[in-house]
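**Q** give me a 3D structure for the following:
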Amino acid sequence: MTTTGWRWARAAAAAALLAFGGGASAAGRVIEVKAKRFEFSPAELRLKLGEPVTLRVTSADVTHGFYQKELGIDAEIEPGRATEVALTPTRAGRFTLICDHFCGAGHGNMRLVLVVE
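**A** The predicted model follows:
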């Protein structure tokens with residue numbers, strides 16, 4: 001995909017996030033998430049259906065991705081600053097977030113599970 005294609009894909013994901021319960025107005029409970037090669041900490045989060053939350057994600061080393069298609073999450077996590085992802089889960093289930101920004105040999109195993117109850 002071209003650079004322009006990626007920009008459009010990210011803009012579409014951001015629009016989906018706003019349409020399906022995400023967006024900066026979600027606020028609510030703030031949950032700290034740390035990214036570092038090759039893990040997210042915590043590795044699993046439990047959220048309540050309909051509860052607005054903000055995931056404040058920081059990187060301890062390199063740039064990471066933070067992606068989950070069904071929830072419309074697509075963010076880039078740069079070292080040295082916090083990235084906030086606001087969402088209000090509208091579906092119960094288990095959703096796996098991945099790092100979609102290549103960060104090294106163990107990149108493919110970098111996951112965080114959101115359990116929405």
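**Q** just checking, Leu47 touches Glu117?
**A** Yes. Taking contacts as C-beta atoms under 8 Å, Leu47 lies within contact range of Glu117: 7.4 Å. To be clear about C-beta, it is placed using only N, CA and C from the backbone, and glycine gets the same treatment.
**Q** between the two, point out the one with more neighbours.
**A** More neighbours surround Leu47 than the other of Leu47 and Glu117, with 22 against 11 (other C-beta atoms under 10 Å).
**Q** quickly list what the more buried one is bridged to.
**A** Note on Leu47: beta-bridge partners by DSSP bridges are Val116.
**Q** identify the residue nearest the most centrally placed residue in the chain in space, chain neighbours excluded?
**A** For the chain, Phe66 is the residue whose C-alpha lies nearest the centre (C-alpha atoms, centre = their mean; 4.0 Å). Closest residue to Phe66 apart from its sequence neighbours, by C-beta to C-beta, 6 or more residues apart in numbering: Ala75 at 4.4 Å.
**Q** can you point out the buried residues in the helix or strand the one you found falls within?
**A** Assigned by DSSP states H and E, Ala75 falls within strand 73-77. Using 16 or more other C-beta atoms under 10 Å as the test for burial, strand 73-77 gives Ile73, Asp74, Ala75, Ile77.
**Q** where along the chain do the strands fall?
**A** Ranges of strands within the chain are 29-36, 39-41, 44-47, 53-59, 64-68, 73-77, 83-87, 93-98, 111-116, based on DSSP state E.
**Q** against which helices or strands is the fifth one packed?
**A** To tie it back to what came earlier, the one meant is strand 64-68. With contacts taken as 3 or more C-beta pairs under 8 Å, 6 or more residues apart in numbering; DSSP states H and E, strand 64-68 sits against strand 73-77, strand 93-98.
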